[in-house]
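Visitor: Sequence and predicted structure, then a few things I'm wondering about:
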Amino acid sequence: MFFKRNAESRQEHSKCHFNGHCEINSLNRHLCSSCRLVKCFESGMQIQMLRSSIIKKNKTKRKIKETERLDILTTLNNTNRTQNTLNSNRLQSAQSTFSINDWNLLSNLTQCYDELGGFSLVQDFIREQNSLPPKARYKRTSVSQLILSLIGRSQLFYENNTHFISLCSHDRSILVHSSMKYIGSLGACFIIRNNDLWNNLIFYKSAENFYRFNTLAGTVRILNQLDFDSTFLKLALAILVFSTFDYTYYSNLAPVELFDIKTILHIQNIYAELVWQYLT
């Protein structure tokens, strides 16, 4: 350790007060660092060897970090591939019981969510975080921005649903106002869970600043206990889009009524029957 600390920094600046005539041994080695360093060189120690050791250690550390990143990305890809395979098998078995219209509706729904839901956004976020130093990863600001981005993308789920587009602007506005908080939150939790980020303690602690503590703890506990079928969840979100329930509260303002409640209930039935056929 002495040679490592002093070989480069003191060999030109350190001077012996006794003109280099100190006799260095294990008992008095602390008395004169200059003569001690000279003795290190005389015994065969070399700065070049020290440099190569440092370079080798740095290369090893970089290689280990790169391997860790690749392992994380490989795990994510394998998890997604396994889940996609299971869902694909279930879809293939369900295809025989679906009508052409039902099958097209289910296919378009799942494809729309896969493209717009934010799966690629989360994977890009993970890659970006893994490229940072460990202490700079999953900070509160970046985690909050990710969650807000996922919630914001839920609006695309409305805009690309043909049944939703067919409604009048008044009813669309009411449905978005009443259900988007559920669609956005559930969708974000599902995508984050699908990438195993809830099991990352640093990410979880940062997310606590966004969600309420009890709400987040309960949600993650349920998510970890259930083996979600992603296709089923996408169908459930579609049903929530057309749900007419909301918080019960009292206000002096008159409630806003839907213009075409019959059509909305009919659309609810379409997706409910689709879920039933898929599960059976």
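Guide: Nice, I can see it. Only a predicted model underlies this, so the values are computations on that prediction, with no experimental measurement involved.
Visitor: Just give me the neighbour total for the nearest residue to residue 268 once chain neighbours are set aside.
Guide: Among residues not flanking residue 268 along the chain, residue 242 sits closest, at 5.0 Å (CB to CB, 6 or more residues apart in numbering). Any C-beta I mention is one placed from the backbone N, CA and C, and that applies to glycine too. If you count neighbours by other CB atoms under 10 Å, residue 242 ends up with 23.
Visitor: How about the secondary structure of the closest residue to residue 211 other than its chain neighbours?
Guide: Using CB to CB, 6+ apart and skipping the chain neighbours, the partner closest in space to residue 211 is residue 219 (7.6 Å). For residue 219, the assignment made with DSSP: H, G, I helix; E, B strand; the rest coil gives helix.
Visitor: distance of residue 219 from residue 235?
Guide: Using CB to CB, to the nearest Å, we find residue 219 at a distance of 20 Å from residue 235.
Visitor: quick one: which of those two has more around it?
Guide: residue 235 (23 against 17).
Visitor: quick one: that one and residue 273 touch, right?
Guide: No: the criterion here is CB atoms under 8 Å, and residue 235 misses it with residue 273 at 10.5 Å.
Visitor: circling back: check contacts around the residue nearest to residue 268.
Guide: 163-164, 175, 179, 264, 267-268, 271 (CB atoms under 8 Å, 6 or more residues apart in numbering).
Visitor: Per-residue confidence, it, what does it come out as?
Guide: Residue 242 carries a pLDDT score of 88 in this model.
Visitor: Roughly how far does it sit from residue 265?
Guide: 8 Å.
Visitor: Equivalent analysis for residue 147, please.
Guide: As judged by CB to CB, residue 147 and residue 265 stand 32 Å apart.
Visitor: Of these two, give the one with the bigger neighbour count.
Guide: residue 147 (19 against 12).
Visitor: For the stretch 1-150 of the chain, just list every one of the strands.
Guide: In the stretch 1-150 of the chain, no strands are defined using DSSP state E, counting those that start in this stretch.
Visitor: which stretches of it form helices?
Guide: With helices called from DSSP state H, counting those that start in this stretch, the stretch 1-150 of the chain shows them at 2-6, 33-42, 47-95, 100-116, 119-130, 140-159.
Visitor: any idea which of those helices scores lowest on pLDDT?
Guide: helix 47-95 (a mean of 57).
Visitor: What is the burial count for residue 17?
Guide: Neighbours of residue 17 using other CB under 10 Å come to 10.
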